[in-house]
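Enquirer: give me a model of this one.
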Amino acid sequence: MTETLEQWLDREYRHAALAMMTSVSAVGLVKERPGFGQSMRPAPGSIIASPVPGAYDPDPDYFFHWFRDSAVVIDAVRLLFEASRMGGEALHHFTDFVQFSLSLDTLDGRSLTTSSTWREKVVPDFQQYVRSNEELATVRASAVSADTRVNPNGTIDISKWARPQHDGPPLRALSVLKWMRKHKVTADASTLLQRDLDFTAKHWRDPSFDIWEEESGHHYYTLRVSAAALTEGAEWLRAEGKAKDAEVLQAEAQAIYRMLDSFWRESGGYYTSRILPEGAKSAKELDIAVILSAVHTAGQGDVHTARDPRMHSTLERLEALFDAAYPINHQRPKDRGPAMGRYQGDAYYSGGAYYFSTLGASEFCFLAAAAHAPGCEERRHWVERGDGFLTTTRAFTPASGDLAEQFDQRTGEQTSAKHLAWSYAAFISCVTARHAVAAR
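Expert: Next comes the predicted model:
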């Protein structure tokens with residue numbers, strides 16, 4: 001008997017939940033980095049982007065606690081808990097996550113500059129990949145939150161990378177707020193939330209690297225999640241009786257929304273993903289990150305959300321882009337949406353489709369559907385579009401149910417990082433949004 005989409009979704013959901021949790025508090029794993037003279041055992045509360053110990057051989061080394069990825073994953077843990085797919089251990093994972101995140105505030109890169117012992121362990125060929133003492137000395141206090149990622153044992157990442165990045169703190173704030181709204185959590189969660197809100201309010205105007213860690217500037221995704229965190233943070237502060245502090249955050253959020261309005265490109269019919277310094281142009285202006293910003297905030301209102309007609313236009317432009325660019329989309333069945341990538345000309349690994357991009361497009365459709373009354377044509381239209389992207393995801397998911405980062409734009413074979421925690425989290429979040437539409 002042929003397995004229905006509903007049956008596959010349920011089976012894959014269970015697999016995704018188990019597979020994602022192998023990256024959460026993975027204390028039983030050890031990652032050796034002989035080139036850097038390191039041995040890494042994750043601490044409780046850390047979340048590694050991928051549990052596969054790659055070294056670009058060919059699997060990439062994703063054995064890090066990224067601030068962005070970990071926020072997405074800990075939110076998916078909440079969704080599993082609320083769906084009764086996890087028990088009380090979910091609360092323990094969240095508590096550990098909060099404690100691990102707070103422990104990073106004690107990091108001080110200046111301690112690495114006063115001793116050369118660790119540098120002596122780095123083999124000659126890897127010296128070119130190590131950060132300078134001058135850069136490491138700046139990694140302290142609130143600057144740790146802009147450092148993109150840390151080692152999962154809670155130490156500073158000594159390797160050169162795209163820094164600073166400012167999307168991690170607001171994403172983490174949004175995830176913590178969602179936990180705090182419905183579940184009894186420790187006071188430490190409030191401490192972490194306040195620190196992330198303070199960071200976001202202070203730094204959103206500063207240029208940073210984009211979600212893909214490639215270009216420095218002002219980015220739609222980073223600004224959108226920052227606006228959402230400050231808006232929802234203001235609501236929390238008001239409930240805590242801190243009206244003046246709430247007004248400050250709300251004013252900052254409104255300033256961000258005004259800036260986001262300037263990202264609309266009338267001639268192209270899309271929100272540009274970035275504005276680079278001194279008017280520099282980028283080939284990555286049409287970018288799935290804009291759609292992911294609506295998914296990761298799921299905000300109310302009609303602008304810069306899945307209800308925004310300009311967002312709908314942006315999604316249509318992205319669909320047309322990847323439909324034409326990827327051979328796996330050519331002559332696709334009518335019940336499938338196009339496999340979605342990041343931006344035109346992507347050259348990372350296969351430069352192909354990403355599971356979290358395709359699932360993000362699907363979830364966006366379910367969020368758009370939720371804005372319409374049950375039974376109406378518009379709602380059915382959006383649900384069908386969402387299911388089309390899920391059907392594509394199914395077509396390129398192996399029988400094992402395992403999800404990597406990408407699937408090749410020509411062959412459909414998985415590539416880049418195996419068992420990407422974000423891919424599994426995106427599946428859980430997407431199916432949750434689909435269930436929410438079906439329940440109404």
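Enquirer: check contacts around residue 389.
Expert: Listed by C-beta atoms under 8 Å, 6 or more residues apart in numbering, the contact set of residue 389 reads 337, 340, 358-359, 361-362, 365. Bear in mind the C-beta positions are built from the backbone N, C-alpha and C, glycine included.
Enquirer: show me which of those is closest to residue 287.
Expert: Set against residue 287, the nearest of the contacts of residue 389 by C-beta to C-beta is residue 340 (10.9 Å).
Enquirer: where does the stretch 151-300 of the chain have low pLDDT?
Expert: When residues are selected by pLDDT under 70, none of them lie in the stretch 151-300 of the chain.
Enquirer: give me the nearest residue to residue 355, chain neighbours excluded.
Expert: The shortest distance from residue 355 to any non-neighbouring residue, by C-beta to C-beta, 6 or more residues apart in numbering, is to residue 423 (4.1 Å).
Enquirer: quick one: buried residues of stretch 162-176?
Expert: 163-176 (16 or more other C-beta atoms under 10 Å).
Enquirer: run a quick neighbour tally on the residue lying closest to residue 407 once chain neighbours are set aside.
Expert: Excluding its sequence neighbours, the residue lying closest to residue 407 (C-beta to C-beta, 6+ apart) is residue 396, at 4.5 Å. Using other C-beta atoms under 10 Å, residue 396 has 21 neighbouring residues.
Enquirer: can you pull the contacts of residue 396?
Expert: 328, 339, 353, 407, 412.
Enquirer: nearest to residue 193, of these?
Expert: residue 353 (34.8 Å).
Enquirer: verify the stated contact: that closest one with residue 337.
Expert: No: counting by C-beta atoms under 8 Å, residue 353 does not reach residue 337; the two are 11.0 Å apart.
Enquirer: how about the strands in the stretch 251-400 of the chain?
Expert: Assigned by DSSP state E, counting those that start in this stretch, the stretch 251-400 of the chain shows strands spanning 264-265, 270-271, 274-275, 353-354.
Enquirer: mind checking which of those is nearest residue 92?
Expert: strand 353-354 (30.7 Å).
Enquirer: for the closest one, give me every contacting residue.
Expert: 288, 322, 326, 328, 339-342, 396, 405-409, 423.
Enquirer: closest to residue 307 out of those?
Expert: Using C-beta to C-beta, the contacts of strand 353-354 come closest to residue 307 at residue 288, 18.5 Å.
Enquirer: burial measure for the closest residue to that closest one other than its chain neighbours, as a count.
Expert: Closest residue to residue 288 apart from its sequence neighbours, by C-beta to C-beta, 6+ apart: residue 357 at 4.6 Å. By the measure other C-beta under 10 Å, the count of residues near residue 357 is 27.
Enquirer: what does residue 298 give?
Expert: Residue 298, neighbours per other C-beta under 10 Å, totals 17.
Enquirer: I figured the residue nearest to residue 288 hits residue 346, correct?
Expert: No: counting by C-beta under 8 Å, residue 357 does not reach residue 346; the two are 10.1 Å apart.
Enquirer: count the neighbours of residue 395 for me.
Expert: Residue 395 has 15 nearby residues by other C-beta under 10 Å.
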